[in-house]
Structure formats: structure tokens, C-alpha cells
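Colleague: Sequence and predicted structure below; questions after.
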Amino acid sequence: MKFVLLFGPQAVGKMTVGQELEKRTALKLFHNHMTIELLEPYFSFSPDMWRLSTLFRTEIFKAVADSDQEGLIFTYVWAFDQQEDWDFVDQICEIFESKGATVYFVELEADIGERLSRNKSPHRLAHKPTKRNVEWTERELTETYENHRLNSNEGEIQRDHYIRINNTHLTAGEVAKIITERFHL
């Protein structure tokens, strides 16, 4: 069993890279917006939506970890300045590691200008209805860039299976190739 945690700021390309990884491996993609898009129409971006999203995600992780599947790719926006995000990452890694899975950390980073451009790409908007209000998402992307740390500091992640990739000038396919070769997926 393999669990790939693919993380980075909004519009860095996590879902698109995850889709390419899914094509190249036997792993299934569970991108973070799958629960958000399910719940947001009922609860907006409320505490209940986030509580249910975490609950659904956790139960899906447990079911996959208990299954005979090859593994899972999960995308996540990790706020490194928020303890609750560290706790969530520890929790989901423990779910898989307790079942003997290997956990891979893949961190993506890209220039803010590139992220703002990707934020309005047709592919992103097709898969994430809550991102279709581009004016709102650009403001959110800029505010979180200014107010939170969405990429790790040098040496902060102490994992055996960790890679950080600046994908500002790389295609999702090129990034997926780097990941599969590095981790022999």
C-alpha cells in the first residue's frame, strides 16, 4: 500500500499532477475538492462543511488503508503556520502507516504569477465549481499567500520519502514523471 500526499498552495497544480500520477500508476486520486464540492452547496464554506469534509476524508482513508488497493494519492493545501493542519497530516499518515503503507510526501511550489494564471484555467474550473468565481478565488489566493505559509521551510519536513518540486515551468506530465521515477511508483 502506498499513500502519496501531494501538497502545496492553491492553484499550484496538485489535482492536475495527481491526475497524471493516477494515469501512470495503480494509485487512485482523491483530490481535496472531491469532498468540498460535495458539501459546499449544502453548507457553504462553514465550520460544518469543514467538519464533515474532514470526517468523510478520514473515513475514506481508513477504508482504503484497510483494502487491498494499491494505494491513494491525496491533494492538500497545508498551512504550515496552522497546528491543526500538522495534526491532520499526522493523523492521515498514521492511518496508512499503521497498516504498513509507505507514505510519500510530494510538495509543489510555483511562482504566485503562475498560480494566478492557473487559477482560471478551464481544466481547473471544470473540476472545481467552487473556483468558478475567479475574482473571489484570486482574492483568496492572494490573501492566503500574504497571511499563511503554504510551503515548508528548508529542512522542515523530516520524512524519508519526500520531494519538493518547483513546477512553475513544468507540465503536470513532467512532474508526474519526476515523482514516479524518484519513488519507483
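Modeller: Looks like it came in fine. Fair warning: this is a prediction, and the values are worked out from it, not measured in the lab.

Colleague: So which residues make contact with the lengthiest helix in the chain?
Modeller: Ordering each helix of the chain by length in residues (DSSP state H) puts helix 47-65 first. Identification of contacts with helix 47-65 by Cβ atoms under 8 Å, 6 or more residues apart in numbering yields 1, 3, 28, 30, 35-36, 38-40, 42-43, 71-72, 74, 88, 91-92, 95-96, 98-99, 101. Any C-beta I mention is one placed from the backbone N, CA and C, and that applies to glycine too.

Colleague: rerun that using 7 Å as the cut-off
Modeller: 1, 30, 35-36, 39-40, 43, 72, 92, 95-96, 99, 101 (Cβ atoms under 7 Å, 6 or more residues apart in numbering).

Colleague: Include neighbour count and pLDDT when you put these into CSV, please.
Modeller: CSV is the format used below for these (neighbours: other Cβ atoms under 10 Å; pLDDT from 0 to 100):
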residue, neighbour count, pLDDT
Met1, 19, 97
Phe30, 17, 97
Thr35, 19, 96
Ile36, 17, 95
Leu39, 20, 96
Glu40, 16, 94
Phe43, 14, 97
Leu72, 24, 98
Ile92, 22, 97
Ile95, 21, 98
Phe96, 22, 98
Lys99, 14, 97
Ala101, 17, 97
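
Colleague: hey, where'd the helices end up in this protein?
Modeller: 14-24, 33-43, 47-65, 83-97, 112-118, 122-127, 134-147, 172-183.

Colleague: Out of the ones you listed, which is closest to Arg159?
Modeller: When the helices of the chain are compared by Cβ to Cβ, helix 83-97 sits nearest Arg159, at 8.8 Å.

Colleague: and that closest one, what does it pack onto?
Modeller: Under the contact criterion of 3 or more Cβ pairs under 7 Å, 6 or more residues apart in numbering; DSSP states H and E, helix 83-97 touches helix 47-65, strand 102-109.

Colleague: One more pass at 6 Å, please.
Modeller: helix 47-65 (3 or more Cβ pairs under 6 Å, 6 or more residues apart in numbering; DSSP states H and E).

Colleague: re the thing from before, looking at the helices of the chain, which is nearest to Ile163?
Modeller: Short answer: helix 172-183, nearest of those by Cβ to Cβ, at 5.4 Å.
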